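>>> sequence first, then the predicted structure:
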Amino acid sequence: MFKKLFFLLLKGTILLMILLLSGCCIFPDQSKMEKNIPCIGLVMIPSSLDNHDGSKVKPFAAASVILFGSEGDIISTGTNQEGMWVAYNLKSPYYLLEAEKEGVIIKKVFPFQLLGESSVNVGEANAYSSCQVMVYEIANQYYENALYFREVPDLVIPENLIKAVEKVYREDRNPFDDPFIVSMVEDLVLHQF
């Protein structure tokens, strides 16, 4: 009789554990649901000198945007008429943003972490952030692991490089392909690293 009771108790315990474990699989993991929080940002480009409203920047409207995650994920989106973009399902702690329109590219590296917000605003990609990414890319071409994604947002860029990149953007050209800009960044890297 004791053996029969013990067997039924054991069988009931196993059945209860199976039900509990399967119940955990039915309900979604809350930490994974948080990844669906929208990440928003802005892409701005220096305006041409004949801009009538006097502003120094304008939205990089209708550009395609690709986010390259530090852990290998890639997310595609685009900018609206105000230069704003929205992306979901971000999984990496850092991202390289690349916004492109008609051969002109603006880049930015930004951290992504959730602190219980309803959305995460990663700020503006602009000429300054493009300069930071150029330094990152060229430094890593010359020296293996010279810089990591997490270090890019803290790079301080010389004013002459920023002004040169802004000028190239005002001419609707891509500073990442401009030989003068590339040589300026190479000189900076060779003297700083």
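Received, thanks.
>>> show me the contacts for the closest residue to residue 178 other than its chain neighbours.
Here the nearest residue to residue 178 in space, its sequence neighbours aside, is residue 168; by Cβ to Cβ, 6 or more residues apart in numbering that works out to 5.2 Å. (Glycine included, C-beta is placed from N, CA and C.) Residue 168 makes contact with 174, 175, 178, 181, according to Cβ atoms under 8 Å, 6 or more residues apart in numbering.
>>> hmm, residue 162 is touching residue 129, no?
No. Residue 162 is beyond contact range of residue 129, at 10.5 Å (criterion: Cβ atoms under 8 Å).
>>> which one's more surrounded, these two?
Legend: neighbour count by other Cβ atoms under 10 Å for residue 162 and residue 129, higher for residue 129 (23 against 16).
>>> can you pull the pLDDT of the closest residue to residue 121 other than its chain neighbours?
Distances taken as Cβ to Cβ, 6+ apart place residue 40 nearest to residue 121, at 5.2 Å, with adjacent residues excluded. pLDDT, residue 40: 97.
>>> residue 40 should be in a helix, yeah?
No. Counting by DSSP: H, G, I helix; E, B strand; the rest coil, residue 40 is not found in a helix; it is strand.
>>> for the chain, what helix or strand is lowest in average pLDDT?
Lowest mean confidence among the helices and strands of the chain (mean pLDDT, DSSP states H and E): helix 30-33, at a mean of 41.
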